[in-house]
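S.K.: show me how the following folds:
(one chain, ligands or ions: 2)
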Amino acid sequence: MTIDQLIATNFTVITLAFYFSFILIEAFSIRFLKARGELNARDNLTCIFMGLMSSVANGAAAFISVGAMYWAMQFQIVSLPVTITTVVLCFIANDLRFYVHHRLAHRVRWPWAMHVVHHSSQHYNYSVALRQAWTKHFSGMLLLYVPLVIIGFDPAVILFVALVNSSYQFLLHTETIGKLPRWFEFIFNTPSHHRVHHANNPQYLDANYGGTLIIWDRMFGTFAEEDLEDRPVYGLVKNLETFNPIKIAFHEYWGILQDQLQKGLTIKDRVLYLLAPPGWSHDGSRLTSEDIKREYYEARAEASSSSALAPAGD
Ligand SMILES: [Zn+2]
Ligand SMILES: [Zn+2]
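M.R.: Ligands and ions are numbered 1, 2, ... in the order given. Next comes the predicted model:
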């Protein structure tokens, strides 16, 4: 075994041990210490299976995105040295890259067909963090790493900070941790912020796309605070109701194919079935998240105006 293989093997073992120890500690806390949270063995196992398969599938296809990053090195404006400062700067730049990636993955149907996998559990615990897509390198979204290379960051540093970022995000997937100190909740993404991101309550849709930092959502107007009186309900606006991994992994691609096979579509319709927000349809027969939010706020405004008009009783 070469030293590279040894490092890779140890790294995989350490990563798996990290993930599974948190899953077990959380399960123990919920089961025996009455910590907040919910377990569902079938869902947990489905998430873990999706995660293991995503490592295999995305690992096998990683050469596509990693290859693009190394190819882009010839276009670097500068070649930044690897120092603590450049690693920190790379971490922040990559976190902004993640925000853009994540927002597009919710608002454009093609990358949503990949990312929907992560949101398809109706539960919220550490195992859900592992519920990942198998098609990440085919979504085109990982090309967003290329500008970081062109700016001057070393691809190895970018991959390292991206790994730290995704490990941090693993820790967000729990109901066991309530709200953290205010200053921390202001700057960093937290379990509370990410619970909102996984919720299908209308007022929580399309919010909190941040990776490690939540400041991007605050800056770009996509932040939503978790209301303890209105707890998140987890899952999709239309849940899959299946534990079949193939359906979970590919159902939205199947939906795109079905839409493309409809008769009488214009070229614009076909493009929009790929690139418009999820829920868009050429005949307006479906709801996008914006429609759902608008209906929710209209219904609320109507309810409050009719209660204001109602005669006061004893
Ligand atoms: Zn998401
Ligand atoms: Zn998540």
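S.K.: all helices for the stretch 151-300 of the chain, in order.
M.R.: 155-170, 182-187, 191-197, 215-220, 245-260, 267-275, 289-309 (DSSP state H, counting those that start in this stretch).
S.K.: closest to H119 out of the ones you listed?
M.R.: helix 191-197 (8.6 Å; CB to CB). Every C-beta, even on glycine, is put in place using the N, C-alpha and C of the backbone.
S.K.: before we move on, the earlier item: out of the helices of the stretch 151-300 of the chain, deepest packed?
M.R.: With neighbours defined as mean count of other CB atoms under 10 Å, the helices of the stretch 151-300 of the chain peak in mean count at helix 191-197, which reaches a mean of 21.
S.K.: just to revisit the earlier point, of the helices of the stretch 151-300 of the chain, which shows the lowest average pLDDT?
M.R.: Of all those, the minimum mean pLDDT falls on helix 289-309 (a mean of 89).
S.K.: what does it contact?
M.R.: Outside of helix 289-309, the residues within contact range by CB atoms under 8 Å, 6 or more residues apart in numbering are H106, P202, Q203, L205, D206, V237, P277, P278, G279, L287.
S.K.: would you turn the helices of the stretch 151-300 of the chain into a markdown table with distance to M69?
M.R.: Compiled in a markdown table, the helices of the stretch 151-300 of the chain are given as follows (distance: least, CB to CB, whole Å):
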| stretch | distance to M69 |
| --- | --- |
| helix 155-170 | 4 |
| helix 182-187 | 28 |
| helix 191-197 | 27 |
| helix 215-220 | 22 |
| helix 245-260 | 25 |
| helix 267-275 | 24 |
| helix 289-309 | 32 |
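S.K.: tell me which of the ones you listed lies nearest to G37.
M.R.: Short answer: helix 191-197, nearest of the helices of the stretch 151-300 of the chain by CB to CB, at 10.4 Å.
S.K.: just the C-alphas of that closest one, formatted as PDB.
M.R.: What follows is helix 191-197, C-alpha atoms only, in PDB (Å, rounded to 0.1, in the frame of the first residue of the first chain):
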ATOM      1  CA  PRO A 191     -29.000  23.800  13.300                       C
ATOM      2  CA  SER A 192     -31.900  26.300  13.800                       C
ATOM      3  CA  HIS A 193     -31.200  28.100  10.500                       C
ATOM      4  CA  HIS A 194     -30.800  24.800   8.600                       C
ATOM      5  CA  ARG A 195     -34.000  23.300  10.100                       C
ATOM      6  CA  VAL A 196     -35.800  26.300   8.400                       C
ATOM      7  CA  HIS A 197     -34.000  25.400   5.100                       C
END
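S.K.: got any ranges where the protein has weak pLDDT?
M.R.: Applying pLDDT under 70 to the chain flags residues 1-9, 309-314.
S.K.: buried residues, stretch 68-76. List them.
M.R.: With burial defined by 16 or more other CB atoms under 10 Å, the residues of stretch 68-76 counted as buried are A68, M69, A72.
S.K.: these two touch, right, the second one and L143?
M.R.: No - between M69 and L143 there is no contact under CB atoms under 8 Å: 9.1 Å.
S.K.: can you give me the helices for the stretch 1-150 of the chain?
M.R.: For the stretch 1-150 of the chain, the helices defined by DSSP H, counting those that start in this stretch occupy 3-32, 41-71, 84-107, 109-115, 126-130, 146-151.
S.K.: let's have these in CSV, adding distance to W183.
M.R.: Below are these laid out as CSV (distance: least, CB to CB, whole Å):
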stretch, distance to W183
helix 3-32, 24
helix 41-71, 32
helix 84-107, 18
helix 109-115, 30
helix 126-130, 25
helix 146-151, 28
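S.K.: out of those, flag the one nearest F250.
M.R.: Nearest to F250, of the helices of the stretch 1-150 of the chain and by CB to CB, is helix 109-115 at 8.2 Å.
S.K.: that closest one packs against which elements?
M.R.: The contact analysis (3 or more CB pairs under 8 Å, 6 or more residues apart in numbering; DSSP states H and E) places helix 109-115 against helix 84-107, helix 245-260, helix 267-275.
S.K.: tell me the domain ranges of the chain?
M.R.: 18-220, 246-305 (automatic domain parsing).
S.K.: could you dump the ones you listed into CSV with distance to N10 added?
M.R.: Below are the domains of the chain laid out as CSV (distance: least, CB to CB, whole Å):
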stretch, distance to N10
domain 18-220, 12
domain 246-305, 29
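S.K.: so for F11, which of these sits nearest?
M.R.: domain 18-220 (9.4 Å).
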